[in-house]
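1. Structure, please.
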Amino acid sequence: MTTTSTVKPVSLRGYAMHRGCTHEAVRKAISQGRLKNSIVTVNGKPKITDVGAADAEWSATTRPSAADDPSWPEAMADKALPVRTIEPTTARPAPPPRAESLARLEAAKAELAEIELKVKRGEYAPTAELRDEICRLAHETKTKLLAVPSKLKQRRPEVSRDAIREVDDLIREALTSIADAGAAAGARTQHGDDSDEYDAA
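-> As a prediction, the model looks like this:
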């Protein structure tokens, strides 16, 4: 509406300089209806009738976070800056006291001395040597058992070939069963306490 006033109207650019914002910000405030009662039209152009009244109207209709520049999108007023949190660094565990370290060292030395003493007494045998001996005995036993049918035929010629073959089959079946059981036990040992260097003799 066109009115007359004793106070000289202020241009939008002048009001923008007064508020410290852009000319476009003032025009946007007018188009959004945030400046309405303090606007007057002079020669077809909008002007500010009273700076104080315009400031009051601006403050009442503009969000506080966007009050300095209404040209910002309104959504920016609802956005909060991300807060970066710094996780506390995990403190390294303190090393054990010197007395505790010395106690562990003495305990390890005592255990090693006990093992060496049992080895000297023959109570313990190195695991590798024990395994080699067991493998040698197993191979020797297998060879002797497989030779039984032929020795039986030599000593008892009257025994039929079918009987000799049956004895051979039974021996081989027994050896296969023993080998399977040994393989299963070996597999269990690999997942158990098989890391000891010495075994009880």
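
2. Contacts only, for the nearest residue to R13 once chain neighbours are set aside.
-> Leaving aside its chain neighbours, R13 sits nearest to H23 (5.0 Å; criterion: CB to CB, 6 or more residues apart in numbering). The C-beta positions use only the backbone N, C-alpha and C, and glycine is treated the same way. Applying CB atoms under 8 Å, 6 or more residues apart in numbering, we find H23 in contact with L12, R13, A16.

3. Would you mind measuring from H23 to L145?
-> According to CB to CB, to the nearest Å, H23 and L145 sit 110 Å apart.

4. which ones among the contacts of H23 are found in helices?
-> Among the contacts of H23, DSSP state H puts L12, R13, A16 in helices.

5. mind listing what the last one touches?
-> What it means is A16. A16 neighbours (CB under 8 Å, 6+ apart): T22, H23, A25, V26.

6. Can you pull the domain assignment for the protein?
-> 12-72, 125-200 (automatic domain parsing).

7. Please tabulate these in CSV, including the columns distance to L117.
-> As requested, the domains of the chain are arranged in CSV below (distance: least, CB to CB, whole Å):
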stretch, distance to L117
domain 12-72, 83
domain 125-200, 11
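
8. now, of those domains, which is deepest in the fold?
-> When those are scored by mean count of other CB atoms under 10 Å, the highest mean neighbour count falls to domain 12-72 (a mean of 16).

9. Give me the distance from that one to the chain's centre.
-> 55 Å (CA atoms, centre = their mean, to the nearest Å).

10. Next: stretch 129-142.
-> 48 Å.

11. re the thing from before, closest one to E106 out of the ones in helices among the contacts of H23, please.
-> Closest to E106 out of the ones in helices among the contacts of H23 is A16 (85.5 Å), distances taken as CB to CB.

12. tell me the SS of K47?
-> strand (DSSP: H, G, I helix; E, B strand; the rest coil).

13. what number of residues lie near the nearest residue to it once chain neighbours are set aside?
-> Spatial nearest neighbour of K47, excluding adjacent residues (CB to CB, 6+ apart): P9 at 3.7 Å. Per other CB atoms under 10 Å, the neighbour tally for P9 reads 20.

14. which residues of the protein fall in helices?
-> Using DSSP H, helices in the chain cover 12-19, 23-31, 51-61, 98-121, 127-146, 148-155, 161-190.

15. Those: which one's closest to V42?
-> helix 12-19 (11.2 Å).

16. Give the rounded mean pLDDT of the closest one.
-> On average, the pLDDT along helix 12-19 is 89.
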